[in-house]
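> Sequence and predicted model, in that order:
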Amino acid sequence: MTGENTQSTELEGLLKRMKSAASPARQILRELHARYQPLTEGRVADYIPELAKADPEWFGISLVTVDGKIVEVGDTSQRFTIQSISKPFVYGLALEHHGRDHVLTKVGVEPSGDAFNSIIFDERSNRPFNPMVNAGAIATAGLLPGKDLTDRVNLLLDMFRRYTGSHVHIDPAVFLSERSTGHRNRAIGHLMLNFGMIGERVEETLELYFQQCSVLVNCHELAMMAATLANQGVHPQTGQRAVAEEYVKDILAVMYTCGMYDFAGEWAYSVGLPAKSGVSGGILAVVPGRMGVAVFSPRLDPRGNSVRGIRVFQELSREFGLHIFGPESSRNSLQI
Ligand code: DON
């Protein structure tokens, strides 16, 4: 090895140590990424043919604090479709347009303990159980106003722009794939039309729902969206309000109780954060008043949640003391 090489290696080592000394969070994220990269359990979703094209090895972790600091590792700029992670955000938009009382007549806030695509309704009210299962999300999309589909899609995209702080687009291939295979969602939509939970524009609402699932994001943007909720609805970098402050707690409450479907109880116990997963392999979680975190890795467990995502969040919650009922939650011990 030449003297020059030795010097540059030493310098790299020093820089590395300085960086990790300055940011324990960065060091922890790097370690978690390295620890879980070899985990190959689970399967990429293929019930929508376009989703099966994802590279199972993609793996990113992003963390954004409410004052706009960013720490990330891995494939955090790889784009994928948002899928069910769109649901809490669209719920917030429906609340802003109609208020709590009206939205509650169309969709409940009760965890169902069922799979995301279950065709089960509350027996007494005929409402879908909550806005996170497909039935509830379709009923919620049904509440978005607009004279036609274009108007309603624009309302949706503007909302995602406020949350991400950047331009968002719909992936046309995934949208077409969703639409041509979405028979179960179509059945759910028509059943709700029968119950009066959704208006006559059911076909248009289903198109809107398929488009909302096909919005392209990356792990970095998901963490920004989560950080915006952590910051009471204000984007940490642009300072723009994405959702009225009064509805942030409603969004977080349904994420906490229903965001992980039939894994919601175990998640609340072991991670303890409001969160939402999607079948592309993203999971975002909100640490109220502190930060947003997102993990992206496309291999899913049988419940449709990212395998690496769950493991990373369980460790992060433990290492950083993030559980909302944990002793550290009021101490803000983590140095970013
Ligand atoms: O309704 C569907 O089938 C999807 N487009 C969204 C599903 C989803 O992400 C469920 N979450 N894990």
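In hand now; what should we look at?
> From now on I want contacts and neighbour counts done on CA atoms only, so please keep to that.
Noted.
> burial count for the residue lying closest to residue 149 once chain neighbours are set aside?
Once flanking residues are discounted, residue 149 sits nearest to residue 204: 6.3 Å by Cα to Cα, 6 or more residues apart in numbering. Residues lying near residue 204 (other Cα atoms under 10 Å) number 16.
> A strand includes residue 204, no?
No - the assignment for residue 204 is helix, going by DSSP: H, G, I helix; E, B strand; the rest coil, so no strand is present there.
> Tell me if I'm right that it and residue 147 touch.
No - applying Cα atoms under 8 Å as the test, residue 204 and residue 147 come out as separate, 11.0 Å apart.
> quick one: the residue nearest to residue 149 from the ligand, how far?
Relative to the ligand, residue 204 is positioned 15 Å away (Cα to the nearest ligand atom, to the nearest Å).
> buried sites along stretch 153-160?
For stretch 153-160, burial by neighbour count (16 or more other Cα atoms under 10 Å) applies to 153, 155, 156, 157, 158, 159, 160.
> would you list every one of the strands in the stretch 101-250 of the chain?
Assignment of strands within the stretch 101-250 of the chain using DSSP state E, counting those that start in this stretch yields the ranges 216-217.
> ok, the residue in it that the ligand sits nearest to - contacts?
In the stretch 101-250 of the chain, no residue comes nearer to the ligand than residue 213, which is 5.1 Å away by Cα to the nearest ligand atom. Residues in contact with residue 213 (Cα atoms under 8 Å, 6 or more residues apart in numbering) are 81, 82, 83, 84, 85, 86, 175.
> ok, and which of the residues you listed reach the ligand?
On the criterion Cα under 6 Å from any ligand atom, 83, 84 are the entries of those that sit beside the ligand.
> so which two of the contacts of residue 213 are the farthest from each other?
Spatially, the most separated pair among the contacts of residue 213 is 85 and 175, at 15.4 Å (Cα to Cα).
> Would you tell me which residues of the stretch 201-336 of the chain are close to the ligand?
Close to the ligand, as judged by Cα under 6 Å from any ligand atom, the stretch 201-336 of the chain has residues 213, 277, 278, 279, 304, 305.
> Same list (the buried residues of stretch 153-160) but as a markdown table, adding distance to the ligand and pLDDT.
Supplementary listing: those in a markdown table, determined by distance: Cα to the nearest ligand atom, whole Å; pLDDT from 0 to 100:
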| residue | distance to the ligand | pLDDT |
| --- | --- | --- |
| 153 | 16 | 98 |
| 155 | 19 | 98 |
| 156 | 16 | 97 |
| 157 | 17 | 98 |
| 158 | 20 | 98 |
| 159 | 19 | 98 |
| 160 | 16 | 98 |
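> any idea which of those residues is closest to residue 45?
Distances from the buried residues of stretch 153-160 to residue 45 were compared by Cα to Cα; the smallest belongs to residue 160, at 23.8 Å.
> Run through the residues that contact the nearest residue to that closest one once chain neighbours are set aside.
Leaving aside its sequence neighbours, residue 160 sits nearest to residue 168 (Cα to Cα, 6+ apart; 6.8 Å). If you count contacts by Cα under 8 Å, 6+ apart, residue 168 has them with 157, 160, 161, 215, 216, 217.
> cool, residue 149 as well?
Taking Cα under 8 Å, 6+ apart, we find residue 149 in contact with 204, 205, 207, 208.
> shaky segments in this structure?
The chain contains residues with pLDDT under 70 at 1-22, 330-336.
> what comes up buried for stretch 186-206?
For stretch 186-206, burial by neighbour count (16+ other Cα under 10 Å) applies to 186, 188-193, 197-199, 202, 204-206.
> Just put the residues of the stretch 201-336 of the chain next to the ligand in JSON lines and tack on secondary structure.
Output for these, formatted as JSON lines (three-state DSSP):
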{"residue": "213", "secondary structure": "helix"}
{"residue": "277", "secondary structure": "strand"}
{"residue": "278", "secondary structure": "coil"}
{"residue": "279", "secondary structure": "coil"}
{"residue": "304", "secondary structure": "coil"}
{"residue": "305", "secondary structure": "coil"}
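> just to revisit the earlier point, reformat the contacts of residue 213 as JSON lines; add secondary structure.
Listed next are the contacts of residue 213 as JSON lines, based on three-state DSSP:
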{"residue": "81", "secondary structure": "strand"}
{"residue": "82", "secondary structure": "coil"}
{"residue": "83", "secondary structure": "helix"}
{"residue": "84", "secondary structure": "helix"}
{"residue": "85", "secondary structure": "helix"}
{"residue": "86", "secondary structure": "helix"}
{"residue": "175", "secondary structure": "helix"}
